[in-house]
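K.L.:
Provided below for reference: sequence and predicted model.
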Number of protein chains: 2
Amino acid sequence: MILDSETKAVESDHGDELRLWLRLLTCTTLIEGTVRSRLRERFDVTLPRFDLMAQLDRVPDGMTLSDVSKRMMVSNGNVTGLVERLVESGHLDRRTSESDRRVQVIRLTKAGRAEFRRMAAEHETWIAEVFSDLTPKDVRELMRLLAKAKGSAQKCANGRTP
Amino acid sequence: MILDSETKAVESDHGDELRLWLRLLTCTTLIEGTVRSRLRERFDVTLPRFDLMAQLDRVPDGMTLSDVSKRMMVSNGNVTGLVERLVESGHLDRRTSESDRRVQVIRLTKAGRAEFRRMAAEHETWIAEVFSDLTPKDVRELMRLLAKAKGSAQKCANGRTP
DNA sequence: GCCAATTGCTTGAAGCCTAAAGAAATTTCG
DNA sequence: CGAAATTTCTTTAGGCTTCAAGCAATTGGC
């Protein structure tokens, strides 16, 4: 097989995938930055706090710290500190489970839920604005392809720490 | 217009975009986690350090800290600390510009570049593995749609701090 | 019952990250 | 020229994040 600087070996050319990953990362970083700064200026709240509250908004009866940790895909220790600050600020309510005294169940307080709903409503419009150049068809197509990518990445991630 | 709990007002339904954003974020977090843990176990290096070295690998003559900061989309102060540690570990070389004494130019050292090339080669195969379920057509289509999304998000981000 | 393994959470050390304020050098412009 | 604005980088305070180690409670054999 003959190669030169332009024609790399075909069987090891993974450049397209690499470029795809970089583009994916750029998009996410860009959007995350926008959301982060708007959350700060409009509500003086951090993105991780918002994300945690978003997880809790769906479940009236609360979740355990482990559940939150899995859903948010962050470490346990991370959630401990995050929850600590949100309980402190009155957004969260935390209690030890009666059936298992290792388990901490956290819920949004009434005030916390109201505050979150207010933030979430604006947040949704920001995201719509972010993607405003995409047609409904673009959105559907991206959803489909990202679902496929997610599945692929998941196999790869789970195969490592089962 | 008649509405019920299932049929929300059409003119304010931004749920699809929101779901798209969450999926994008999930994909990125998943892949980032995979890359991070592999970089750690194979090379005992962090992702931010790898990213910084990747920026420098393309430019033999080095870059200024500001350039790096813009390319990586992180704050200036962040780069200062990151560079500090990489100079300390011998991966980077740092010098004050002769034409402008405010400017610091950083470059990969010989050892740093060799180390990076070794990491980058493996990294590329990990990414290919992550996306292995996608066909070449999927990859092209994702590239196209993400480029469009990036443009849209960029307008939105730049319109805020011009 | 009892010991080992597991599970759920916390802690500690190190590093990453931002925003904001500040120091130093350069550029702009009257 | 010289003051003001700008640019480049550092510093500081606070918070986020991981990993690894550790503690407490529960579960699963035996």
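P.N.:
Alright, I've got the coordinates.

K.L.:
Return the residues of chain A in contact with DNA strand D.
P.N.:
Within chain A, the positions near DNA strand D by Cβ under 7 Å from any atom of the strand are A:46-49, A:73-78, A:81-82, A:85, A:99-102. Any C-beta I mention is one placed from the backbone N, CA and C, and that applies to glycine too.

K.L.:
give me the subset of those residues touching DNA strand C.
P.N.:
Among these, the residues within reach of DNA strand C (Cβ under 7 Å from any atom of the strand) are A:N76, A:G77, A:G81, A:D100, A:R102.

K.L.:
Dump those to a markdown table, plus distance to chain B.
P.N.:
Shown next, in a markdown table, are those (distance: Cβ to the nearest Cβ, whole Å):
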| residue | distance to chain B |
| --- | --- |
| A:N76 | 14 |
| A:G77 | 15 |
| A:G81 | 19 |
| A:D100 | 28 |
| A:R102 | 25 |
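
K.L.:
farthest-separated two in those residues?
P.N.:
Within these, two members stand farthest from each other by Cβ to Cβ: A:G81 and A:D100, at 22.1 Å.

K.L.:
OK, contacts around A:E32?
P.N.:
Going by Cβ atoms under 8 Å, 6 or more residues apart in numbering or on different chains, A:E32 touches A:L47, B:L25.

K.L.:
which element is it on?
P.N.:
Assignment of secondary structure by DSSP states H and E places A:E32 within helix A:15-43.

K.L.:
For the next helix or strand after that helix, what is the distance to the chain centroid?
P.N.:
Using DSSP H and E, the next helix or strand after helix A:15-43 towards the C-terminus is helix A:47-57. Chain-centre distance of helix A:47-57: 9 Å, with Cα atoms, centre = their mean, to the nearest Å.

K.L.:
Could you do stretch A:119-134 as well?
P.N.:
On Cα atoms, centre = their mean, the centre of stretch A:119-134 falls 15 Å from that of its chain.

K.L.:
does any bit of it sit next to DNA strand C?
P.N.:
No: applying Cβ under 7 Å from any atom of the strand, one finds stretch A:119-134 separated from DNA strand C by no less than 14.6 Å.

K.L.:
List the buried residues for that stretch?
P.N.:
A:M119, A:H123, A:E124, A:W126, A:I127, A:A128, A:E129, A:V130, A:F131, A:L134 (16 or more other Cβ atoms under 10 Å in any protein chain shown).

K.L.:
again, but for stretch A:49-59
P.N.:
For stretch A:49-59, a neighbour-count test (16+ other Cβ under 10 Å) marks A:R49, A:F50, A:D51, A:L52, A:M53, A:A54, A:Q55, A:L56 as buried.

K.L.:
show me the contacts for the third one.
P.N.:
Right, A:D51. A:M72.

K.L.:
What segments of chain A are helices?
P.N.:
A:15-43, A:47-57, A:65-72, A:76-88, A:110-130, A:136-158 (DSSP state H).

K.L.:
out of those helices, nearest to B:V139?
P.N.:
Taking the helices of chain A one by one with Cβ to Cβ, helix A:15-43 is closest: 5.3 Å.

K.L.:
hang on, the earlier thing: got a ChimeraX select line for the buried ones in the residues of chain A next to DNA strand D?
P.N.:
Buried members of those, defined by 16+ other Cβ under 10 Å, are picked up in ChimeraX with:
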select /A:48,49,74,82
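
K.L.:
Need the residue closest to the centroid of chain A.
P.N.:
Nearest to the geometric centre of chain A sits A:M72, at 6.0 Å (Cα atoms, centre = their mean).

K.L.:
Run a quick check on it versus A:V83, I expect a contact.
P.N.:
No: shown here, A:M72 and A:V83 do not form a contact pair, counting by Cβ atoms under 8 Å, at 11.3 Å.

K.L.:
Kindly state the pLDDT recorded for the nearest residue to A:V79 once chain neighbours are set aside?
P.N.:
Leaving aside its chain neighbours, A:V79 sits nearest to A:S69 (4.7 Å; criterion: Cβ to Cβ, 6 or more residues apart in numbering or on different chains). A:S69 is assigned 96 on the pLDDT scale.

K.L.:
if I look at A:S69, how far off is chain B?
P.N.:
Separation of A:S69 from chain B (Cβ to the nearest Cβ, to the nearest Å) stands at 13 Å.
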